[in-house]
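Participant: I'd like to go over a predicted model; first the sequence, then the structure.
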Amino acid sequence: MSRKHKTLFRAYFAWDYEQELEELDRLSRQGWQLVKGGCFHSRFVKNEGQRFRYQLDYRPEVEDMGRYLEIFREQGWEYVNSTYNGWRYFRKAYDPALPEEEYQIFTDRSSLGEMTRRLRKLALALMAAALLMAAVEGVLLVMKPRLPQLILTGTLLFEGLVMAWGAGFMDAPEKHRGKAKSGYVIWVFLLVLVLGFGSGIYLMEQRHSSGVMYLGGIGDGSVTVEHWGEFDIVYKDNYYLSAETSAQSPLILSIVQEETGETVYSRELGTAGELPYIALEDEQMKLERGSYRIYLSDYYGETVAVNWSIE
């Protein structure tokens, strides 16, 4: 039993809308007629007794939808549906006796130019947003070199450059018309975005550890070596240690890799009487993947409190 309905997953850049139209016309010749167009998937019904030609109009805002659709009906176009982001699908029954101009929605250059200007405006807005966010991530990368910031900066730059290419395409569409395009390009683009943003955010979430410890009633004595806290490093990268202390005498804070016993960081922390103060802020260190412990040593006061964080 043959299928009567099917869903195809397709995606196109906005400036490649003609490629989508060619695909819809090809499917119509094969007997698959569009019932709902979408940005990433479209639904079709099997009907070999009809054939249509399709057109798209990009118009995010329509003041009078009834009048808008009536204009197309007067020209023989049947409205199919609209997408959430402003694409309108139309179709017209195919008659081989009619000239090709009958299957063009935009019969004058000004109307076509209006749509391409809207598409160019969209591409420029997306480009500006991507490059602005890339600049922010780039500043953070310079301030604190970290792998997640590097990934996010590169991903945003890639998105901005693709949008700039699209804006240039729509600035001179006639120059690019007819050139071979691949439907897989946008899937590669989307894959890069998903992997870039997903991995960047995931890596950021994996890198933060913090802890608080308070010791009191030590007396005259003395914490020669005291286990302080522990944390795990999921991936090799630059990490930053901050610590706020309240102590009555100097002490040494050390970070030791648990598997090897190697001290990867050691720093003496001074005192500020009874008042807490920031002894360390964003101390950079390169850490390998593994488990680590934080130790205090050579402390001879009665009380000590430390807040620490690794990120």
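Facilitator: Great, that's in hand. Since the structure is predicted, the reported quantities are computational estimates derived from the model, not experimental observations.
Participant: give me the neighbour count for residue 239.
Facilitator: As a burial measure, residue 239 scores 23 neighbours (other Cβ atoms under 10 Å). C-beta coordinates here come from the backbone N, C-alpha and C atoms, glycine included.
Participant: secondary structure element holding it?
Facilitator: strand 237-247 (DSSP states H and E).
Participant: low-confidence stretches in the stretch 1-150 of the chain?
Facilitator: 1-2, 106-112 (pLDDT under 70).
Participant: 80 - rerun?
Facilitator: 1-2, 105-116 (pLDDT under 80).
Participant: likewise the stretch 151-300 of the chain?
Facilitator: In the stretch 151-300 of the chain, residues with pLDDT under 80: 169-185, 212-229, 245-251, 269-279, 296-300.
Participant: all strands of it, in order?
Facilitator: 209-215, 223-233, 237-247, 251-257, 263-269, 277-287, 290-299 (DSSP state E, counting those that start in this stretch).
Participant: out of those, the one nearest residue 16 is which?
Facilitator: strand 237-247 (38.0 Å; Cβ to Cβ).
Participant: buried stuff in that closest one?
Facilitator: 237, 239, 240, 241, 242, 243, 244, 245, 246, 247 (16 or more other Cβ atoms under 10 Å).
Participant: again, but for stretch 150-160
Facilitator: Going by 16+ other Cβ under 10 Å, stretch 150-160 has these buried residues: 150, 151, 152, 153, 154, 155, 156, 157, 158, 159, 160.
Participant: before we move on, what about stretch 75-93?
Facilitator: Per 16+ other Cβ under 10 Å, stretch 75-93 contains these buried residues: 77, 80, 82, 83, 87, 88, 89, 90, 91, 92.
Participant: dump those residues into a markdown table; add distance to residue 40 and secondary structure as well.
Facilitator: Formatted as a markdown table, the buried residues of stretch 75-93 follow (distance: Cβ to Cβ, whole Å; DSSP: H, G, I helix; E, B strand; the rest coil):
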| residue | distance to residue 40 | secondary structure |
| --- | --- | --- |
| 77 | 24 | coil |
| 80 | 17 | strand |
| 82 | 15 | strand |
| 83 | 10 | coil |
| 87 | 12 | strand |
| 88 | 17 | strand |
| 89 | 14 | strand |
| 90 | 20 | strand |
| 91 | 20 | strand |
| 92 | 25 | strand |
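Participant: good, we can wrap up now.
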